[in-house]
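**Student:** what's the 3D shape of this:
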Amino acid sequence: MPTDSYHDYLIESLRKEPELAAAFITATLEEEDPEPELLQIALGNVAEALCEHTMTSEQAKYHQEKLKEILSQRGSEAIYHLGTWLDALGLKLTVAVAEKVNESSIDLADESEITVSQ
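**Tutor:** Here you go, the predicted structure:
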């Protein structure tokens, strides 16, 4: 089925394959140089694709608005809310073992935040 734009193609692909939606979010989270705006766009695209089957249009709109609120939060509360947000789309937040993490990849310069580079 031909589409008019990349966005249409992306949404249709994510809608057909929830596994692709999960991989899309994972790839965004694993970017070497993370950009919060890209995460919001990726999550928004996944929500647009998957809300159709699980929510009314009003619920989907609220779900998109809730995403902005969650991403503006700090700390562990944001992580738990994101997990709940993903659950409503039929996805789950998971942690996996990295291929290789060594001591030189952990930056402890700021005690309030630990950054792990790949």
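**Student:** Does anything pack onto the lengthiest helix in the chain? Which helices or strands?
**Tutor:** Ranked by residue count and defined by DSSP state H, the top helix of the chain is helix 36-54. Taking 3 or more Cβ pairs under 8 Å, 6 or more residues apart in numbering; DSSP states H and E as the contact definition, the neighbouring helices and strands of helix 36-54 are helix 6-16, helix 18-29, helix 57-72. (Each C-beta comes from the backbone N, C-alpha and C, glycine too.)
**Student:** and these as JSON lines, adding mean pLDDT?
**Tutor:** JSON lines is the format used below for the helices and strands packed on helix 36-54 (pLDDT from 0 to 100):
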{"stretch": "helix 6-16", "mean pLDDT": "94"}
{"stretch": "helix 18-29", "mean pLDDT": "94"}
{"stretch": "helix 57-72", "mean pLDDT": "93"}
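**Student:** Need those in TSV (columns: mean neighbour count and distance to Gly44).
**Tutor:** TSV is the format used below for the helices and strands packed on helix 36-54 (neighbours: other Cβ atoms under 10 Å; distance: least, Cβ to Cβ, whole Å):
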stretch	mean neighbour count	distance to Gly44
helix 6-16	15	10
helix 18-29	16	11
helix 57-72	14	6
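**Student:** The ones you listed into a markdown table, with extra columns for distance to Tyr80?
**Tutor:** Converted to a markdown table, these look like this (distance: least, Cβ to Cβ, whole Å):
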| stretch | distance to Tyr80 |
| --- | --- |
| helix 6-16 | 24 |
| helix 18-29 | 16 |
| helix 57-72 | 10 |
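**Student:** so who does Ile79 touch?
**Tutor:** For Ile79, the contacting residues are Leu93, taking Cβ atoms under 8 Å, 6 or more residues apart in numbering as the criterion.
**Student:** how far away is it from Trp85?
**Tutor:** For Ile79, the distance to Trp85 under the criterion Cβ to Cβ, to the nearest Å works out to 11 Å.
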